[in-house]
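Enquirer: When you get a sec, could you give me coordinates for this:
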Amino acid sequence: MKEASGTIDAGKPFDFGKTAADYAKFRDIYPAEFYRKILNRGLCVKGQRVLDVGTGTGVLPRNLYSYGAEWTGIDLSEGQIAMAKVLSNDMDIRYAVASAEAPDFPDDSFDVITACQCFWYFNHAKTAPVFHRLLRKNGRLLLLCMAWLPFEDEIAAASEKLVLRFSPQWTGGGEVMQPIEIPACYLDYFEPVYHDEFRLAVPFTRESWHGRMKTCRGIGASLTAQEIAAWEEEHRKLLAEIAPMRFTVLHYAALAELKRKE
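Expert: Purely as a prediction, here's the structure:
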């Protein structure tokens, strides 16, 4: 994932709050192996305070909650945070509406900061020193993403092509497996210590894949209701033609772990 905030969708506005309900239903799709990679690094476990930046509907805190870390999630979208609270009503997870660039926490508040599927939206010149300030000594910044591979998976390619027809400015397609790119400004504050990239066959039904695609930035977060309805009609027809009732879509996931410099 290499998108920078200034080049995303040629500046076309988007708001994931518009799709919060569908996001909650269809975006909790990371396989168990994805979470094992995090836990195998000794991160997000009991005894650690973790800040999940760009938490959305709280997918990361909710799925790792049972491992004992003390979680806080922040997101710019009031709708996403509202949905995160509903989905976490039986968990002791703190949520707040806040930006990555200006979170309201004291210095040295966290052992780990996570950013899953959102790092490319940050103003890195601002977030790098903020994350350094918020982390304790030897604290870790963990960046994560997962994306379908359209050049290796026919269903992903066909769905992506339809998104681009309705939303030609969308820059979220064309992914290939690659490390997470770390902007140079982070190297003043952090030392990269680990990265990993791996393929995942993620299971879907026609309905869940349709929902996953609907919640992408190029559709549910940016189109009008009329445009979304037209896309939905065409996408359902496409899937009926090319996809079985149950299938997998080839994705890749990547993580990058950075250690706080003193």
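
Enquirer: Can you give me the distance of the nearest residue to residue 217 once chain neighbours are set aside to residue 163?
Expert: If the residues on either side of it in the chain are set aside, residue 217 comes closest to residue 14, at 5.1 Å by CB to CB, 6 or more residues apart in numbering. Any C-beta I mention is one placed from the backbone N, CA and C, and that applies to glycine too. With the distance defined as CB to CB, to the nearest Å, residue 14 ends up 13 Å from residue 163.

Enquirer: for residue 223, same thing?
Expert: 10 Å.

Enquirer: if we can go back for a sec, got a list of what the residue nearest to residue 217 touches?
Expert: Counting by CB atoms under 8 Å, 6 or more residues apart in numbering, residue 14 touches 217, 221, 222.

Enquirer: Now the common contact residues for residue 223 and residue 163.
Expert: Counting by CB under 8 Å, 6+ apart, the common neighbours of residue 223 and residue 163 are residue 231.

Enquirer: how about the helices in this protein?
Expert: Secondary structure of the chain (DSSP state H): helices at 20-26, 32-40, 59-64, 78-87, 124-134, 154-166, 206-214, 225-242.

Enquirer: of all these, which lies closest to residue 179?
Expert: Nearest to residue 179 among the helices of the chain is helix 32-40 (13.9 Å), distances taken as CB to CB.

Enquirer: What are the buried residues along the closest one?
Expert: Of the residues in helix 32-40, those with enough neighbours to count as buried (16 or more other CB atoms under 10 Å) are 34, 37, 38.

Enquirer: Which elements pack onto it?
Expert: With contacts taken as 3 or more CB pairs under 8 Å, 6 or more residues apart in numbering; DSSP states H and E, helix 32-40 sits against helix 59-64, strand 135-148, strand 190-205, strand 246-260.

Enquirer: Give me whichever of these is most buried.
Expert: By mean neighbour count, with neighbours taken as mean count of other CB atoms under 10 Å, helix 59-64 ranks first of the helices and strands packed on helix 32-40 at a mean of 22.

Enquirer: Take the contacts of residue 14 and lay them out in a markdown table including distance to residue 181.
Expert: Formatted as a markdown table, the entries for those read as follows, by distance: CB to CB, whole Å:
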| residue | distance to residue 181 |
| --- | --- |
| 217 | 19 |
| 221 | 23 |
| 222 | 24 |
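
Enquirer: Could you give me the PyMOL syntax to select whichever of those are buried?
Expert: Buried residues among those (16+ other CB under 10 Å), as a PyMOL selection:
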select buried, resi 217+221+222
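
Enquirer: Nearest to residue 130 among the contacts of residue 14?
Expert: Distance from residue 130 was checked for each of those by CB to CB. The minimum falls on residue 217, at 23.9 Å.

Enquirer: ok, that closest one touching residue 170?
Expert: Yes: here residue 217 lies in contact with residue 170, judged by CB atoms under 8 Å, at a distance of 6.6 Å.

Enquirer: Spit out the residues that contact these two alike.
Expert: Contact criterion CB under 8 Å, 6+ apart; residues bridging residue 217 and residue 170 by contacting each: residue 9.

Enquirer: Identify the residue nearest the residue nearest the centre of the chain in space, chain neighbours excluded?
Expert: Within the chain, one residue has its C-alpha closest to the average C-alpha position: by CA atoms, centre = their mean, that is residue 117, at 2.1 Å. Spatial nearest neighbour of residue 117, chain neighbours left out: residue 145 (5.5 Å); criterion: CB to CB, 6+ apart.
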